[in-house]
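# What follows is a predicted structure for the sequence shown.
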Amino acid sequence: MGLYVIIAGAGKVGWNLARELLERGDEVTVIEQDRRRYLTVEQELEHAVQYGDATELWVLERAGIQRADLVVAVTGDDEDNLLICQVAKEKYLCERIIARCNNPRNLDHFKLLGIQPAVSATDLILRLIERLTMADRRVGALIVGGGIAGAACAEALHAGGFDGGVLLAGREPDPPYERPPASKGYLAGTMDRAACLLHDEAWYARHGLELATRTSVMRLDTAAQEATLSTKEVIGYGVALIATGANVRRLRVDGAQLEGIHYLRALGNADAIRAEAQEAERVVLIGGSYIACEVAATLTGLGRRCTMVMLEEAPLSTQFGAVAGAFFADLLRGHGVELVTGDGLERFEGETRVERVITGSGRAIDADMVVMGTGAMPDVMLARAAGLALGETGGLACGADLATSAPGVWAAGDMCEYDSELHGRRVRIEHFEVARAQGRAAAAAMLGERHPFREVPYFWTDLADWATGEWVGLGVAPEREIVRGSPGDGAFSVLHLAGGRLVGALSVERGDDLAHARRLIAAGTELAGREDELARGDLEAL
Ligand SMILES: Cc1cc2nc3c(=O)[nH]c(=O)nc-3n(C[C@H](O)[C@H](O)[C@H](O)COP(=O)(O)OP(=O)(O)OC[C@H]3O[C@@H](n4cnc5c(N)ncnc54)[C@H](O)[C@@H]3O)c2cc1C
């Protein structure tokens, strides 16, 4: 498709440029303020020339600057060229701008404004236009997001002998790392940053994978198969993975802006929490899910006094059910964590720092710092802007094989809302191993093996070294919970049944049960009337 180009100045360069661009099929308006020059050029270019001073807004607007793909300022006056470019860039948000710099001493002024300067002639400017309007380079696969999903996809592409370069672009400063230690060993200080990395930075280059850290993909054009990076580079791609993960869900309550209130998603957040916890005595955790539980356990282990405030009647009960909830409540209380259940956050109070948490029931809890465990939201900014279909949970809508609505574009991880055959509905799952498995599945699809994603979701949570809970399941509310072993002994499993089938299992210190549960869930085995066997029998026999 041709470009719409505005050229300010119909001198020799502007005129030649217009001729060349018109010839290659672009639409052009040349603006010329000298009446005689205008009349001469108009004889050849006719309505592609407009009379007027391009430093005036109304002249630019009449020329249609609002829809210009490219503005080229080639008047004989550097100051005018600078002004026109600045207006095009800052007022009309035109992304591609070229200016002729008549006096080389002015080059720095152009560069400071981020304007591409050309010292002279038409063919040089034409080359610049080519560079600006074509992808700077092409890769076989572009992976957006350097979390576990993106990294697993890159690894699997390499292992599968993917033909064509792979670029893994991630916004964070670190190479892809594991997030789970951020609330566990890394927060406790028993695991260092290097130990959290999936691979060190050199590993990627050694395996022929290009890793760009601190690099966001700002724009994705799925029709042109091009992405614009925060470095301004335009990358053409063959296939792409969107694995942009999730961001914390921020609560807007009074006092939310006070210092000392933390959210936890990245290693940097864990650094800030650990540093501040050194000075804090009383920590309040908001939420009853795994982040709040794990941080409470870790900080208690570091000698802090922790209080958890949650809407649930018991921690972790929303995901793992009432039996597991009671077990984790006893565990936390037994180690000195105070639990405020069935109560929500109303507001924070304090001068500049948080000093108190006020709950919905009016309770005031003193706090030197607060950690919010209030969930995450899928990061679909890029996908939405690219016009990709979104799903009901706010994730990026995908088919059973993780393909998005754009050909050649796949999704994986926390923001992937896929049509799950296993669940019988669209689901979005925020578990580490699921994100990894989806990254691998997307890579397989890119390599030509498209299959429905049928992995049974697995999740684990460590509460310091007090207990580890492991879960497999479909996230369906259980009609019945069957306990194997004894929570009192710290070794038990809870099997969740619904519709006569196993839909989930939580296990503490009974890994074998979990493996069987995974198999029974995957197979959809009919288990109605077999409750006794499930409670006391050999699961292998089922
Ligand atoms: C503190 C913590 C503890 C956890 N513990 C457990 C646990 O014990 N067990 C478990 O199963 N799960 C756990 N999880 C969840 C698990 O870590 C996530 O499910 C997993 O990290 C999701 O991986 P992802 O690759 O989909 O997304 P992310 O890890 O969020 O990675 C996405 C990356 O994409 C980047 N990005 C976004 N937009 C762009 C863009 N436009 N351009 C470039 N980059 C972009 C983001 O900055 C981010 O680095 C934990 C999560 C947290 C935060």
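Yes, it's here.
# Check which residues of stretch 338-350 are buried.
Neighbour counts over stretch 338-350 (16 or more other C-beta atoms under 10 Å) mark L339, V340, T341, D343, L345, E346, F348, E349, G350 as buried. Glycine gets a C-beta too; all of them are placed from N, C-alpha and C.
# among these, which are in strands?
Using DSSP state E, the members of those that fall in strands are L339, V340, L345, E346, F348, E349.
# what pLDDT does the fourth one get?
Looking back up the chat, that one is E346. E346 carries a pLDDT value of 98.
# With the last one instead?
The confidence metric pLDDT takes the value 98 at E349.
# that older thread, tell me the one among the ones in strands among the buried residues of stretch 338-350 nearest to the ligand.
If you rank those by distance to the ligand using C-beta to the nearest ligand atom, L345 comes first, at 19.3 Å.
# Surely the closest one and R252 touch.
No - if you go by C-beta atoms under 8 Å, L345 and R252 don't touch, sitting 11.0 Å apart.
# Name the next helix or strand downstream of the helix or strand harbouring R19, please.
R19 is part of helix 12-23 when elements are defined by DSSP states H and E. Per DSSP H and E, helix 12-23 leads on to strand 27-32 as the next helix or strand towards the C-terminus.
# what's the residue of the stretch 51-200 of the chain found nearest the ligand sitting at in phi/psi?
Going by C-beta to the nearest ligand atom, the ligand is nearest to G147 of the stretch 51-200 of the chain, at 2.1 Å. Note on G147: its backbone torsions stand at phi -90, psi -160 [degrees, to the nearest 10].
# quick one: low-confidence ranges for the protein?
Low-confidence segments of the chain, defined by pLDDT under 70: 1, 114, 116-117, 119-121, 130-134.
# which ones are touching the residue nearest to the spatial centre of it?
The centre of the chain sits closest to T244, judged by C-alpha atoms, centre = their mean, with a distance of 2.5 Å. With contact taken as C-beta atoms under 8 Å, 6 or more residues apart in numbering, T244 is in contact with V144, G145, D379, V380, M381, L382, A383, G413, M415.
# So which of those residues is the closest to the ligand?
Out of the contacts of T244, the member with the shortest distance to the ligand (by C-beta to the nearest ligand atom) is G413, at 2.1 Å.
# for the spatially closest residue to that closest one that is not a sequence neighbour, helix, strand, or coil?
In this structure, G413 finds its nearest non-sequential neighbour in A149, 3.1 Å apart by C-beta to C-beta, 6 or more residues apart in numbering. Of the three states, A149 takes helix under DSSP: H, G, I helix; E, B strand; the rest coil.
# Could you verify my assumption that A149 touches R440?
No - using C-beta under 8 Å, A149 is not in contact with R440; the gap is 9.1 Å.
# okay, these two: which has more neighbours?
The residue with more neighbours, out of A149 and R440, is A149; 32 against 21, by other C-beta atoms under 10 Å.
# tell me the contacts of the residue in the stretch 201-350 of the chain positioned nearest to the ligand?
In the stretch 201-350 of the chain, the residue that lies nearest the ligand is G245 (2.1 Å; C-beta to the nearest ligand atom). Neighbouring residues of G245 by C-beta under 8 Å, 6+ apart: G145, G147, A149, P378, D379, G413, D414, M415, A435.
# and what of R282?
Per C-beta under 8 Å, 6+ apart, neighbours of R282: R304, R305, C306, T307, D366, A367, D368.
# For V139, give the beta-bridge partners.
Judged by DSSP bridges, the bridge partners of V139 are Y237.
# I'd guessed L70 sits against I129; true?
Yes - the pair L70 / I129 is scored as a contact, 6.5 Å apart, by C-beta under 8 Å.
# between these two, what contacts are shared?
Contacts common to L70 and I129, judged by C-beta under 8 Å, 6+ apart, are V5, R96, I98.
# Tell me how many other residues surround the first one.
So the one you mean is V5. Residues near V5, counting by other C-beta under 10 Å, number 24.
# just G9 next, same as before
G9 has 26 neighbours, counted by other C-beta under 10 Å.
# Just list the residues touching it, thanks.
Contacts were defined as C-beta under 8 Å, 6+ apart; by that measure G9 touches V30, I31, E32, A54, A73, V74, T75, G76, N81, R100.
# Give me the buried entries from these.
Buried among the contacts of G9 (16+ other C-beta under 10 Å): V30, I31, E32, A54, A73, V74, T75, N81, R100.
# Please dump those into TSV; it should also carry distance to L187 for every row.
Listed next are the buried ones among the contacts of G9 as TSV, based on distance: C-beta to C-beta, whole Å:
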residue	distance to L187
V30	62
I31	60
E32	65
A54	58
A73	54
V74	58
T75	59
N81	54
R100	56
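# Now flag whichever of those is closest to E44.
Using C-beta to C-beta, V30 is the member of the buried ones among the contacts of G9 that sits closest to E44, with 10.6 Å.
# The ligand contacts on the stretch 351-500 of the chain?
Residues of the stretch 351-500 of the chain lying close to the ligand by C-beta under 6 Å from any ligand atom are D379, L382, G413, D414, E430, H431, F432, E433, A435, F459, W460, T461.
# from the residues you listed, which is closest to S216?
S216 lies nearest to L382 out of those, by C-beta to C-beta, at 8.3 Å.
# Now do the phi/psi pair for the closest residue to M191 other than its chain neighbours.
Closest residue to M191 apart from its sequence neighbours, by C-beta to C-beta, 6+ apart: G185 at 3.5 Å. Dihedral pair for G185: phi -60, psi -40, per degrees, to the nearest 10.
# G2 versus the nearest residue to I31 once chain neighbours are set aside, what's the distance?
Once flanking residues are discounted, I31 sits nearest to A54: 4.3 Å by C-beta to C-beta, 6+ apart. According to C-beta to C-beta, to the nearest Å, A54 stands 21 Å off from G2.
# go on, E90?
For E90, the distance to G2 - C-beta to C-beta - is 26 Å.
# May I have the residues that are in contact with the spatially closest residue to R24 that is not a sequence neighbour?
Among residues not flanking R24 along the chain, G2 sits closest, at 7.8 Å (C-beta to C-beta, 6+ apart). Contact analysis of G2 by C-beta under 8 Å, 6+ apart lists R24, G25, D26, E27.
# Check the secondary structure at I98 for me.
With three-state DSSP as the basis, I98 sits in strand.
# And K232, by the same measure?
Following three-state DSSP, K232 is assigned to coil.
# Count the residues that sit near it.
So K232, with other C-beta under 10 Å, has 11 neighbours.
# and it, what does it touch?
Not one residue lies near K232 by C-beta under 8 Å, 6+ apart.
# May I have the phi/psi pair for it?
Dihedral angles (degrees, to the nearest 10) for K232: phi 80, psi -10.
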